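J.: Any chance you can model this:
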Amino acid sequence: MLNLILRTISGLTLALVVLISSARAQPASCILGAFTLPLLGGSGDAPLLPATMQGKPVALYYSTTVDGLYGGDITPYAGEDTNTRTSLLLDGVKGDDYSIFKPERLKLGDLELGSPGMVRLNAFPARLIGSRPVIGVIGPSLFAKLSVLLDLPHGVFALIRFSDDASCKTARADFLGAGEAAFPLDTQDRAWIRLNGIECAVMLDPNRAINTLPRAWAAASASDGSPNRNKPATVQAVLPTTGAPGIADTSFHLEDGTEPPETDRDISHSGERDRAPPAAGLGLEFFERHVVLFDYPKNTVYLLPSHHRREDAGSALRFPHRLQNLGPNIMTPSFSGWPLTPIYPAMVGRTQPF
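T.: Numbers count the residues shown, from 1 in each chain. Predicted structure coming up:
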């Protein structure tokens with residue numbers, strides 16, 4: 001266990017050194033502050049954040065497909081039942097009578113989250129990561145005024161506050177460096193790309209094991225326009241290299257379902273985009289090969305391929321579910337005033353590859 005901890009700390013330190021290496025760094029003021037955590041687990045695990053509740057070590061899944069904080073029984077951690085109930089959508093199915101708890105002294109690393117509302121799920125899977133119980137799953141709603149870095153290749157999770165000064169307009173892209181690709185991000189954390197002129201949504205979900213693409217969409221976006229519907233559902237397809245830098249040449253597992261896109265449909269309006277069904281899914285196998293920066297203030301996601309890989313094998317720990325609270329907003333407001341430690345003084349434009 002000690003060796004594992006030392007390797008984790010060493011890996012995080014190396015990742016930060018690589019991030020800070022800079023040949024064309026912008027002013028340090030472009031990054032006002034940041035907070036980093038080493039991801040728990042290893043290859044094959046979704047993002048797992050080290051946390052404490054009432055001072056006891058625990059872990060939380062990080063998921064882009066949940067809108068708040070959810071978990072199992074937290075009464076052993078002095079979690080208080082608020083005697084309030086809510087309804088929610090679990091994988092699109094409505095359910096009622098879910099209890100809302102208030103966790104006691106919830107922290108991510110040294111970052112105080114206070115006591116945000118936590119919806120108790122009736123059957124949250126009991127898993128361990130090392131000696132830490134995985135007690136819940138947290139989504140990006142707490143961090144809506146920050147940028148979230150998921151760097152699975154290096155095993156790093158980070159919250160970053162970029163400056164909005166005009167001189168820092170390209171800070172997010174330069175932060176990742178040469179080879180990055182940027183895509184619009186809608187309210188459901190889906191990237192919007194064009195495949196041979198067809199605009200479609202891609203769900204970014206590191207808790208999904210594989211990359212998936214509806215067969216009809218793959219046929220419609222094929223460079224020669226000729227569908228092949230006789231292949232088995234497990235066959236893989238590779239997207240054309242045009243129109244989707246950063247995602248091009250990614251292998252997708254073809255699935256049945258979802259009608260082909262309408263090439264003349266205008267879904268450029270954000271409301272239309274939010275109502276459109278997802279066309280594809282980028283899962284854990286994509287995140288383990290890319291550094292991904294969700295810039296929520298600018299509604300943009302940045303992707304950069306990485307040659308680095310986590311060395312330790314994981315335990316296939318994932319939470320592949322979608323959760324949406326239908327009741328009142330119970331989350332603590334986004335912490336725009338967090339005193340984030342400015343440990344990224346000049347981490348853009350590095351010469352070393354990820």
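J.: Please make it C-alpha for all contacts and neighbour counts, starting now.
T.: Noted.
J.: Return the set of residues that bridge with T52.
T.: For T52, the beta-bridge partners under DSSP bridges are P57, K107.
J.: where does the stretch 151-300 of the chain dip in pLDDT?
T.: In the predicted model, the stretch 151-300 of the chain carries pLDDT under 70 at residues 194-198, 217-246, 248-249, 257-279.
J.: Please enumerate the helices of it.
T.: Using DSSP state H, counting those that start in this stretch, the helices found in the stretch 151-300 of the chain span residues 171-176, 215-220, 270-275, 284-287.
J.: now stretch 61-72: mean pLDDT?
T.: Stretch 61-72 carries an average pLDDT of 91.
J.: pretty sure K107 is in contact with G114, am I right?
T.: Yes. Using Cα atoms under 8 Å, K107 makes contact with G114 at a distance of 7.3 Å.
J.: These two: who's more crowded?
T.: K107 (20 against 13; other Cα atoms under 10 Å).
J.: show me what contacts the more buried one?
T.: When contacts are counted by Cα atoms under 8 Å, 6 or more residues apart in numbering, K107 touches 51-53, 113-114.
J.: Just the pLDDT at it, thanks.
T.: Predicted confidence (pLDDT) for K107: 88.
J.: and it, how far is that from L284?
T.: 25 Å (Cα to Cα, to the nearest Å).
J.: next one: P57
T.: Distance, P57 to L284, by Cα to Cα: 25 Å.
J.: what do you get for A316?
T.: Noted for A316: a distance of 10 Å to L284, by Cα to Cα.
J.: so what sits against both of these two?
T.: Shared contacts of A316 and L284, defined by Cα under 8 Å, 6+ apart, are found at 44-46.
J.: need these in CSV with pLDDT and neighbour count, can you?
T.: Output for these, formatted as CSV (pLDDT from 0 to 100; neighbours: other Cα atoms under 10 Å):
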residue, pLDDT, neighbour count
G44, 92, 20
D45, 92, 24
A46, 92, 31
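J.: so of the residues you listed, which ones are in strands?
T.: Applying DSSP state E to these, no entry is found in strands.
J.: Going by distance to R190, which of those wins?
T.: Ranked by distance to R190 (Cα to Cα), the shared contacts of A316 and L284 are led by A46 at 17.8 Å.
J.: rewinding a little: more neighbours: A316 and L284, which one.
T.: Taking neighbours as other Cα under 10 Å, A316 and L284 compare with L284 leading, 24 against 14.
J.: can you pull the contacts of the more buried one?
T.: L284 touches 44-46, 205-211, counting by Cα under 8 Å, 6+ apart.
J.: what's the most distant pair in the residues you listed?
T.: D45 and N211, at 15.0 Å, using Cα to Cα across those.
J.: what helix or strand is L60 on?
T.: Using DSSP states H and E, L60 maps to strand 56-62.
J.: Need the contacts of K107 in JSON lines (columns: pLDDT and distance to E311).
T.: Below are those laid out as JSON lines (pLDDT from 0 to 100; distance: Cα to Cα, whole Å):
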{"residue": "A51", "pLDDT": "93", "distance to E311": "22"}
{"residue": "T52", "pLDDT": "92", "distance to E311": "25"}
{"residue": "M53", "pLDDT": "89", "distance to E311": "29"}
{"residue": "L113", "pLDDT": "82", "distance to E311": "30"}
{"residue": "G114", "pLDDT": "75", "distance to E311": "34"}
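J.: If any of those residues are buried, put those into a PyMOL selection.
T.: A single PyMOL command selects the buried members of the contacts of K107 (16 or more other Cα atoms under 10 Å):
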select buried, resi 51+52+53+113
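J.: quick one: which of the contacts of K107 is nearest to V137?
T.: Lowest distance from V137 to the contacts of K107 (Cα to Cα) belongs to A51, with 11.2 Å.
J.: Tell me how far the closest residue to that closest one other than its chain neighbours lies from D81.
T.: Once flanking residues are discounted, A51 sits nearest to L108: 4.4 Å by Cα to Cα, 6 or more residues apart in numbering. L108 sits 22 Å away from D81, going by Cα to Cα.
J.: try D110
T.: 25 Å.
J.: Those two - which one has more neighbours?
T.: In this view D110 and D81 are compared by other Cα under 10 Å, and D81 has more residues nearby, 18 against 13.
J.: Over to the more buried one. Which of the three states is it?
T.: strand (DSSP: H, G, I helix; E, B strand; the rest coil).
J.: Quick check, pLDDT for the closest residue to it other than its chain neighbours.
T.: In space, and not counting its chain neighbours, D81 is closest to F101: 4.5 Å by Cα to Cα, 6+ apart. pLDDT recorded at F101 is 87.
J.: Could you report the distance from S99 to G79?
T.: Computed as Cα to Cα, the S99 to G79 distance reads 12 Å.
J.: Repeat that for F35.
T.: Taken as Cα to Cα, the span from F35 to G79 is 26 Å.
J.: which residues sit against stretch 75-82?
T.: Stretch 75-82 is touched from outside by 53-54, 56, 99-104, with contacts defined as Cα under 8 Å, 6+ apart.
J.: Going by neighbour count, which of the residues you listed comes out on top?
T.: That'd be F101 among the contacts of stretch 75-82, by other Cα under 10 Å, with 27 neighbours.
J.: Restricting to C-alpha, output the helix or strand encompassing that residue in CSV.
T.: Assessed by DSSP H and E, F101 sits inside strand 93-102. Extracted in CSV, the C-alpha atoms of strand 93-102 (Å, rounded to 0.1, in the frame of the first residue of the first chain):
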residue,chain,number,x,y,z
VAL,A,93,-37.0,6.5,-15.6
LYS,A,94,-38.9,8.7,-13.1
GLY,A,95,-38.8,7.6,-9.5
ASP,A,96,-40.3,9.2,-6.3
ASP,A,97,-39.7,9.3,-2.6
TYR,A,98,-35.9,9.7,-2.5
SER,A,99,-34.5,10.9,0.8
ILE,A,100,-32.3,14.0,1.0
PHE,A,101,-29.4,13.9,3.4
LYS,A,102,-26.9,16.5,4.6
